[in-house]
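Undergrad: Provided below are the primary sequence and the corresponding predicted coordinates.
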Amino acid sequence: MDISNLIFGLSKYNFIKYFSYFLSYIYIYLFPIVILFWVFIYRTKKVYTLLIILFSAVSTFLVSELIKNITKIQRPAIEGLMVSERGFSFPSEHSSITMVIGIVIYSIDKKLGIIFIALSILVGLSRVILGVHYIIDVLAGWGVGILIGLIFIKIFKNI
């Protein structure tokens, strides 16, 4: 049994399946609100913080889309899933975007960054649990997010 099937097997537990759904389809839309709240309430360099997060997230999305359209790897073919996704599988955009934001926030606020990186790991695993990605898609997504995050941290450090 491969690791993707092992992780997907966790979906037989309702709590894990529904928590995975929450992470992939609800949290993913709530966390920008949390980030905006953090920036506007706690950050002194609001424009700088918003720009590095925005540019790194958009760049990560574009790079992930480019890779998807070059590799054209299909999503897992699993019947009877709780959710249905369209488009190509590799890399996971949920994983790459949440990871880049976690990395960038870590460079600004270590404690909050650790929380966002941990949540990114959970989001990536949730994609495999829900059966819409293979583990390699998630690992590649995290890699893309980390790489682009480090590039933008370096760029913005010089500004």
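TA: Good, I have the coordinates. All values reported here derive from a predicted model rather than from experimental measurement.
Undergrad: was I right about residue 146 contacting residue 101?
TA: No. Applying Cβ atoms under 8 Å, one finds residue 146 not in contact with residue 101, separated by 11.4 Å. To be clear about C-beta, it is placed using only N, CA and C from the backbone, and glycine gets the same treatment.
Undergrad: Which one of those two is surrounded by more residues?
TA: Neighbours per residue (other Cβ atoms under 10 Å) separate residue 146 from residue 101, with residue 101 holding more: 26 against 18.
Undergrad: Could you list the residues in contact with stretch 54-64?
TA: Here stretch 54-64 makes contact (Cβ atoms under 8 Å, 6 or more residues apart in numbering) with 91-93, 96-97, 100-101, 104, 141, 144-145, 148-149, 152.
Undergrad: Quick one: mark the members of these that sit in helices.
TA: 93, 96-97, 100-101, 104, 141, 144-145, 148-149, 152 (DSSP state H).
Undergrad: what about the strands in this structure?
TA: Using DSSP state E, no strands are found in the chain.
Undergrad: can you point me to the longest helix in it?
TA: helix 46-71.
Undergrad: buried set for that helix?
TA: 49, 52-53, 55-57, 59-61, 63-64, 67-68 (16 or more other Cβ atoms under 10 Å).
Undergrad: From those, which one has the minimum pLDDT?
TA: For those, the weakest pLDDT value sits at residue 49, with 87.
Undergrad: Residue 135 versus that one, what's the distance?
TA: 32 Å (Cβ to Cβ, to the nearest Å).
Undergrad: ditto for residue 147
TA: 19 Å.
Undergrad: If you count surrounding residues, which of the two has more?
TA: Ranked by neighbour count (other Cβ under 10 Å), residue 147 and residue 135 place residue 135 first, with 19 against 16.
Undergrad: what stretches of this structure score poorly on pLDDT?
TA: By pLDDT under 70, the low-scoring segments of the chain are 1, 80, 159.
Undergrad: Quick check: the farthest pair among the contacts of stretch 54-64?
TA: 92 and 152 (19.5 Å; Cβ to Cβ).
Undergrad: Look at the two and report which has more neighbours.
TA: residue 92 (30 against 22).
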